[in-house]
Structures are given as C-alpha cells and as structure tokens.
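Please find the sequence and the predicted model below.
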Amino acid sequence: MATALDINPVTPLIGAEISGLDLSKPLSSNVLGAVKQALRDHLVLFFRDQDLSADEQKDFGRQFGELHIHPARDRNGLEGHPEILYLNAGPDTSRVNGDEWHSDVTCDAEPPMGSILRLFEVPSNGGDTLFASMYAAYDALSEPMKGFLSGLSAVHDGGPNYIDRAKRAGIYKPDKVFPANVHPVIRTHPETGRKSIFVNKIFTQQIVDIPKDESRAILDFLFQHVAKPNFQCRFKWAANSIAFWDNRCALHHAMWDYYPEVRRGYRVTIKGDAPF
Ligand code: SIN
C-alpha cells in the first residue's frame, strides 16, 4: 500500500506541490510508490527547500529509472557528471534552454520519461516554468480530429534546435549528427493508458507521408492548440525548488523574462521508451 503524501494540487488538470519529503535521502518503497502515483495523477510535481548535491539529485532520479545522457551535453554538461544538464542563464546568454513549448529530447528514439530540475539560483522576479497537460489537450479535440490525428506520425529532429544553440555558444561542429526519429502524433501513456498529443515546436518538423503544406498547417494548428492556457499551470521558483515532470504527457516552457539576471540549476533526465 502506498503512503499518503501531503499533496497540494496547483490546478485540477496539472501540477501538484508535495511537502514533507527530504529528497536527499532514499525514499522508502511506500513513499516512492506514492510519489510515482502522484506523478501519474498530476503530471508534474513540485518540491521546495531541497538542498541536494549533484550526486544526491542523480540518486533521487535513479529511483525512477536509468539516467539519460543528453545528446547536446558538450554545450550544457557538468564536468564529472555526464547525466546532468547544467542550465545557466545570465547576461551573456543569447538563448535559454526550453524557450518554446516542448517535451525533452523527443528527437531520441526512446525520449526521456521524466526530467528533474533543481534551481539553485533564481532571478529576483520571473523565470517561471509553464507546464501543459497533453492529456487535456487531446481530450479537448473533436472526435473526428482525434480519429484523423491517431493515424499520423511525425519526424522529431534534434538538428535545428541543437545546431542553433551550438552556433550561439561558439561550439558548432558541422560533422556532429543529432538524433532524428519518427513518433506517433498521438501517444498512449504506458502506465495510465491515457492518450495525449505528442508534438512540440522545438523538435517536431514534419508529419510523414503527407505533403509539406498540409503538414505545416496541421502542426501549426497543434502548436497553437497545445499552448491554450486552460491546459496549463505555472511554477514560481525559489532557490532549491525542484520540478519533476512526466515528458510523456506534459509539455513545458521556460519563461525567459529576467534578462540580464542569472538563473542556474541542474537537470537530471530519466530514460523512457519508444512512444506508441
Ligand atoms: C528545460 O529543461 O527544458 C528548461 C526548463 C526550465 O529552465 O525551466
């Protein structure tokens, strides 16, 4: 039996703050089961006052699965910690990570199931992260549109995003190849069995087997649809807050409204499986 946690939902559709846990220590199997259930129920979990070391954050992540190594870690890596993505925005930044609605690294053949971001330095104002339920976005579609989209797949290509960022960071290598893979436009969550929209502005380039102009029109419609405010919640960070999101059913968007102030943190990402 799972233990009852202190859970405070942010909206009925997405987001919940959990208090009373110390994530620097291994969770008991009951508490771990309850956190997993909370993630299934709320899609993104928030924790406050978690002063974790890089190793403790990795250990927390490993309780949910094997850790993912980012294909663009040469730009955002952390020395000695290949599993950590170092997010570091400040006065010299020309583009931050995650500045459009997306799910992490969907260009991978097996995109990450979840991501755990801990910020240790936050701007005096702003720098929120927005999250959106792709279950809710799917549920809001008409039945004919659900049927039409269910038969489609799309190319998710890491190149355009990662090459732009590498060029801005002055570390572009023309011979470096980034992953590109085809995924269903509507996916089924392997644990909840619920359907969600699985396209995003950063990685999804083209619907396969249809003309380019039709693909553009469908993707533009979906990118607008998934960004509707009624599917969203918004998280206001403080130093040592953690957000843990499920990439299989939620999109997120990092708000870069705090330039030239600094926002820094580490992200640990958990491996996932091939969408179906
Ligand atoms: C990301 O992991 O996509 C960035 C999220 C954030 O910085 O809030």
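Received it, and whenever you're ready, just let me know what you need.

Tell me where the stretch 51-200 of the chain is predicted with low confidence.
Regions of the stretch 51-200 of the chain meeting the criterion pLDDT under 70 are absent.

Do a quick rundown of the strands in it.
For the stretch 51-200 of the chain, the strands defined by DSSP state E, counting those that start in this stretch cover 77-78, 81-89, 114-121, 129-133, 153-157, 180-184, 186-188, 195-197.

dump the residue contacts of the nearest residue to Asn161 once chain neighbours are set aside.
Closest residue to Asn161 apart from its sequence neighbours, by C-beta to C-beta, 6 or more residues apart in numbering: Ile202 at 5.0 Å. In short, each C-beta sits where N, CA and C put it, glycine included. Contact analysis of Ile202 by C-beta atoms under 8 Å, 6 or more residues apart in numbering lists 98, 100-102, 106, 161.

go on, Leu52?
Taking C-beta under 8 Å, 6+ apart, we find Leu52 in contact with 23-24, 60, 118, 240, 242.

now the residues you listed in JSON lines, with neighbour count and distance to Arg248?
Below are the contacts of Leu52 laid out as JSON lines (neighbours: other C-beta atoms under 10 Å; distance: C-beta to C-beta, whole Å):
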{"residue": "Leu23", "neighbour count": "23", "distance to Arg248": "21"}
{"residue": "Ser24", "neighbour count": "14", "distance to Arg248": "26"}
{"residue": "Phe60", "neighbour count": "23", "distance to Arg248": "19"}
{"residue": "Arg118", "neighbour count": "26", "distance to Arg248": "21"}
{"residue": "Asn240", "neighbour count": "17", "distance to Arg248": "27"}
{"residue": "Ile242", "neighbour count": "22", "distance to Arg248": "19"}
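
Doesn't Ile7 belong to a strand?
Yes - judged by DSSP: H, G, I helix; E, B strand; the rest coil, Ile7 forms part of a strand.
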